[in-house]
Every structure is written in C-alpha cells, then in structure tokens.
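K.L.:
Need the 3D shape of this:
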Amino acid sequence: MKKLFLLSVVLLSQAAAAQALVWSNSFDTSADLQGWTFHDLNNNGNGWVQGQNILFNGTNALTYGTTGVLRYSVSLVPTGNAAGFASENDWIISPPIDLQGASGTISLAAYIGRQRTTHFNIGRDLFIYVSTPSKPVPTLADFQAMTVDSGGNDVPSPYSIIAGTVANPFPNDLTQFNESIVDLSAFAGKKIYIGMWSNRKPSGNNLQNINIDEMAIYASTFLGTKDTKKKENLTKIEENPVKEFLQLQLNPVFKANATTVSIYNMAGQKVLSAPYSRSVNVAALQAGMYMAEISDEKTTEKLKFIKK
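P.N.:
Numbering: from 1, shown residues only. So this is what the prediction gives:
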C-alpha cells in the first residue's frame with residue numbers, strides 16, 4: 001500500500017522541492033517499513049533494519065544517533081558482531097511505487113549518512129522492476145536476474161544513490177546527511193518496485209555502513225491533483241536549521257487559535273508542546289534532529305527540522 005508522508009520541503013533540494021511529491025518515506029519508525037520485504041539469504045541474522053542512525057563516537061566505539069533511518073549494518077551494532085559478515089547477501093524491496101500519473105522530470109532524492117569519517121563513497125545501487133499486466137508483482141528472482149548478465153558476470157545498475165564523492169563530499173559532522181538525486185524520468189507512467197542489495201563485494205556502490213534518512217520521488221507533472229493541491233498549502237518552516245525560534249508558516253486549513261505544536265525527538269519522545277505561534281521558542285532543546293507535529297485534532301502535519 002502506498003504511504004505518503006508530509007515532509008518539510010526545506011530538507012529537499014530546490015530542484016526537487018519545485019516538483020510535486022509522488023512518494024516518500026522518512027524511515028522514522030518501524031511502521032515506515034510496512035510493505036517492504038526483506039531477504040537474509042546467507043541466514044546470519046544480519047540485514048536491513050529501521051532504527052536510529054549509527055555513528056562513531058570519536059573514541060573507540062560506534063553509538064546510536066538520534067535520527068530515524070533505514071540502515072544496513074551488523075544487526076548487533078554498536079555492541080557486537082554478526083557471523084558471516086564477510087559474505088553478505090541481503091535484499092530489501094520496496095512496496096509498489098505508482099508513477100502512472102507522473103510525467104516530465106521525475107527525481108528520486110535520498111539522504112545518505114556515513115558512520116565514520118574514514119568512510120567514503122557510501123551508496124547503494126537501485127534495481128528497478130517495472131510492473132506489467134502479465135507480472136504485476138516481482139519475485140526476489142526477478143531482482144537477482146538484474147544483477148548478472150547471461151554469462152554470470154556482475155551488471156551494475158544504471159541507477160544508484162551515492163554520497164561522499166569529490167562532487168558531493170560528506171561533512172565532518174556524522175549526524176548530517178548528504179542529498180543524492182537520481183533521474184527516474186524513464187519510468188514515467190509506470191508502477192515500479194525498488195530493490196537494494198547488500199552483497200559485500202569490493203566493487204560497485206553497495207558498501208555497508210549506510211544510513212538512509214529519507215527517500216522521496218518528485219515529478220514535474222503529477223496528475224494526483226487532490227494530493228498536489230493539498231501539499232501546495234502545507235505548513236512550512238521558514239528557516240532551517242533552527243537556532244532559538246522555530247518559525248512556522250501555517251497551512252491555511254488550520255485555525256491558529258485551535259492548533260497545537262508538539263515537538264518530538266527522533267526516539268519518539270515528546271520534548272515540547274505549545275499553542276501555535278508563528279515563532280515557537282526551542283532554545284532549550286539540545287542540538288539534533290526533531291519532528292514538529294502541527295495539529296488541530298482534525299488535521300495533523302509533521303515536519304522535520306534541525307536544531308543547532
């Protein structure tokens with residue numbers, strides 16, 4: 001089932017933000033992986049998980065961050081190891097993504113984080129299956145077939161998300177994520193599934209230790225008119241990152257005097273609640289990523305922001 005999330009456009013590139021949101025996933029909670037399928041083919045209990053991002057704490061250990069992500073790393077991290085990690089063979093496959101009403105430029109935006117400052121070129125090949133009337137839902141074997149040619153030689157995907165390159169270097173701050181944009185215009189008018197493979201091979205973009213904060217697909221033309229009109233008037237954060245005041249431009253569907261702003265950390269804990277104000281004082285919050293929930297009990301919107 002297709003799921004739509006109300007994301008803050010300030011976290012997206014200007015190019016993507018100018019387009020209509022078609023599909024997105026914030027990976028903030030385990031519920032965000034509903035409809036995704038997982039395959040641990042080497043049966044070592046390791047694989048794709050939703051949870052907090054993982055990063056090096058600057059001394060001698062990995063630790064959990066505060067951001068909800070989709071990640072691939074040893075299942076027992078940050079305190080242990082998994083047997084057979086040298087030869088991983090794990091897949092995660094998305095629910096169907098409906099691009100049948102999309103046309104023009106279609107862009108996938110992904111936000112990638114690394115776990116150590118010594119990690120470079122962290123990314124993932126995207127294997128994309130197009131649904132057809134004769135085979136609307138792919139099997140794992142359909143994705144595996146995309147990875148090799150008739151002679152059994154590895155075939156890299158022409159579509160990949162990647163960060164840490166010379167053109168797109170990571171910041172030193174391991175809590176920050178880099179944006180990667182992939183052109184999916186070739187799939188206009190189609191229904192697709194996206195598969196990501198962790199194969200622990202020395203070549204290609206499928207390196208381990210990846211944190212994916214969000215993925216979203218935008219189109220320059222999208223015929224889902226009800227959704228598009230609704231999103232044109234979403235509450236917006238005027239400046240992000242935030243220093244002392246969270247400045248909100250309220251969606252006109254809300255009545256200001258009946259609206260409440262609640263702020264949650266990435267562990268899902270409510271850390272602040274206040275009646276709506278154009279400027280909400282967040283000076284007391286620690287630096288990090290937060291979710292602002294704007295609600296009048298009839299309509300609810302959620303927007304991410306960074307507190308400096």
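K.L.:
dump the residue contacts of the nearest residue to A284 once chain neighbours are set aside.
P.N.:
Leaving out its chain neighbours, the residue that sits closest to A284 by Cβ to Cβ, 6 or more residues apart in numbering is L272, at 7.9 Å. To be clear about C-beta, it is placed using only N, CA and C from the backbone, and glycine gets the same treatment. Neighbour list for L272: V261, S262, I263, V280, V282, A284, L285 [criterion: Cβ atoms under 8 Å, 6 or more residues apart in numbering].
K.L.:
and the residues you listed, which of them are in strands?
P.N.:
V261, S262, I263, V280 (DSSP state E).
K.L.:
Would you confirm that the first one contacts Y290?
P.N.:
Read that as V261. No. Counting by Cβ atoms under 8 Å, V261 sits too far from Y290 to count as a contact (11.2 Å).
K.L.:
in this protein, which ranges drop under the pLDDT threshold?
P.N.:
Within the chain, the segments meeting pLDDT under 70 span 1-19, 60, 73-86, 200-208, 224-233, 267.
K.L.:
what ranges do the helices span in it?
P.N.:
Along the chain, counting by DSSP state H, helices occupy 14-17, 140-145, 225-232.
K.L.:
At which residues are the strands of the stretch 151-300 of the chain located?
P.N.:
According to DSSP state E, counting those that start in this stretch, the stretch 151-300 of the chain carries its strands in the segments 160-163, 178-183, 191-198, 210-222, 236-237, 245-249, 260-265, 270-275, 279-281, 288-295, 300-307.
K.L.:
Output the last one as CSV, restricted to C-alpha atoms.
P.N.:
This points to strand 300-307. Extracted in CSV, the C-alpha atoms of strand 300-307 (Å, rounded to 0.1, in the frame of the first residue of the first chain):
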residue,chain,number,x,y,z
THR,A,300,-2.1,16.7,11.5
GLU,A,301,1.1,17.6,9.7
LYS,A,302,4.6,16.5,10.6
LEU,A,303,7.8,18.4,9.6
LYS,A,304,11.4,17.6,10.4
PHE,A,305,13.8,20.3,11.5
ILE,A,306,17.4,20.5,12.7
LYS,A,307,18.1,22.4,16.0
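K.L.:
which strands and helices sit next to it?
P.N.:
strand 236-237, strand 288-295 (3 or more Cβ pairs under 8 Å, 6 or more residues apart in numbering; DSSP states H and E).
K.L.:
ditto for the shortest one
P.N.:
Counting contacts by 3+ Cβ pairs under 8 Å, 6+ apart, strand 236-237 is packed against strand 245-249, strand 300-307.
K.L.:
List the buried residues of the shortest one.
P.N.:
Which is strand 245-249. L246, L248 (16 or more other Cβ atoms under 10 Å).
K.L.:
Can you tell me what sits against that strand?
P.N.:
235-239, 261, 263, 276-283, 292, 294, 305.
K.L.:
Out of the contacts of L272, which comes closest to F222?
P.N.:
Nearest to F222, judged by Cβ to Cβ, of these is V261 at 29.1 Å.
K.L.:
show me what contacts that closest one?
P.N.:
Neighbouring residues of V261 by Cβ under 8 Å, 6+ apart: L246, L248, L272, S273, A274, P275, Y276, S277, V280, A292, E293, I294.
K.L.:
Okay, it and P275: tell me how far apart.
P.N.:
Distance from V261 to P275, counting by Cβ to Cβ, to the nearest Å: 7 Å.
K.L.:
do T175 as well
P.N.:
According to Cβ to Cβ, T175 and P275 sit 30 Å apart.
K.L.:
neighbour count winner among those two?
P.N.:
T175 (16 against 11; other Cβ atoms under 10 Å).
K.L.:
Report the contact partners of the closest residue to the more buried one other than its chain neighbours.
P.N.:
Spatially, and ignoring its direct neighbours in sequence, T175 is nearest to G65 (5.7 Å; Cβ to Cβ, 6+ apart). G65 makes contact with Q52, N53, I54, L55, L174, T175, N211, M266, according to Cβ under 8 Å, 6+ apart.
K.L.:
Just send those back as JSON lines, with distance to S94 too.
P.N.:
Below are the contacts of G65 laid out as JSON lines (distance: Cβ to Cβ, whole Å):
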{"residue": "Q52", "distance to S94": "21"}
{"residue": "N53", "distance to S94": "20"}
{"residue": "I54", "distance to S94": "22"}
{"residue": "L55", "distance to S94": "25"}
{"residue": "L174", "distance to S94": "26"}
{"residue": "T175", "distance to S94": "26"}
{"residue": "N211", "distance to S94": "18"}
{"residue": "M266", "distance to S94": "22"}
